[in-house]
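> Build the 3D model from these lines:
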Amino acid sequence: MRGALVPLDAAGHTRRMRLRYLLAPAAALLLAACSTSTTSPATPSSGAPEPTRTALPSESGSPIGGNVLPPIEIDGQSSETVKVGDHLNVTSDGVTKVSTDNAEVLKVSQPHTEGQATFNGGAEVVGAGTATLVVSGKGGELYSTKITATQ
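Residues are numbered from 1 along each chain as shown. Reported below is the predicted structural model:
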């Protein structure tokens, strides 16, 4: 209806304009209620506890992953000094078995395959002391490494 006369109210607004003026504040309130905020309200509106925010490692000054260190590679050396909590990764080719003479110092894990993933043998340092890590292949012992573990 181009060119048709539209009735105006006393302020000179059409019905459509009045509707927009009424709906705009309601839409703004609705959007504000759906948005997220990093600040908490002074008093919670329900009995549920307020969520807490944990600092990311980069915000707390710690490296991502915390204080996790990479494993220590074992590849035929005669001795290695490590700390309790360290992990040893046997990286030699042809390893079929890993063993120790002191299970109070080293907890060994065997090389294995899971699906398409192949895992090296190794050990976790579980206590202070000395132990020998024996690495074997198809033909027998490949080498042994004396491990000295400290706290």
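> show me where this protein has strands.
Remark: strands assigned in the chain by DSSP state E are 72-74, 79-83, 87-90, 97-100, 106-109, 112-114, 117-119, 122-125, 129-137, 140-150.
> Tell me which of the ones you listed sits most buried.
Most buried of these, by mean neighbour count (mean count of other CB atoms under 10 Å): strand 122-125, with a mean of 22. C-beta: built from backbone N, CA, C; applies to glycine.
> Of the strands of the chain, which is nearest residue 24?
Between residue 24 and the strands of the chain, the shortest separation by CB to CB is 57.8 Å, and it involves strand 117-119.
> what lines up beside the closest one in the sheet?
strand 112-114 (antiparallel) (DSSP bridges).
> Quick one: residues in contact with the partner strand.
Contact with strand 112-114 is made by 118, 119, as judged by CB atoms under 8 Å, 6 or more residues apart in numbering.
> what does the average pLDDT come to for that strand?
Averaged across strand 112-114, the pLDDT comes to 95.
> Could you list the low-confidence segments of this structure?
When residues are selected by pLDDT under 70, those of the chain lie in 1-22, 26-65.
> Who are the contact partners of the closest residue to residue 135 other than its chain neighbours?
Distances taken as CB to CB, 6 or more residues apart in numbering place residue 142 nearest to residue 135, at 4.9 Å, with adjacent residues excluded. Going by CB under 8 Å, 6+ apart, residue 142 touches 76, 92, 94, 95, 135, 136.
> If we ignore the residues flanking it in sequence, what's nearest residue 89?
Once flanking residues are discounted, residue 89 sits nearest to residue 71: 3.9 Å by CB to CB, 6+ apart.
> what pairs with residue 79 across the strands?
Counting by DSSP bridges, residue 79 forms beta bridges with residue 146.
> quick one: contacts for it?
Counting by CB under 8 Å, 6+ apart, residue 79 has contacts 145, 146, 147, 148.
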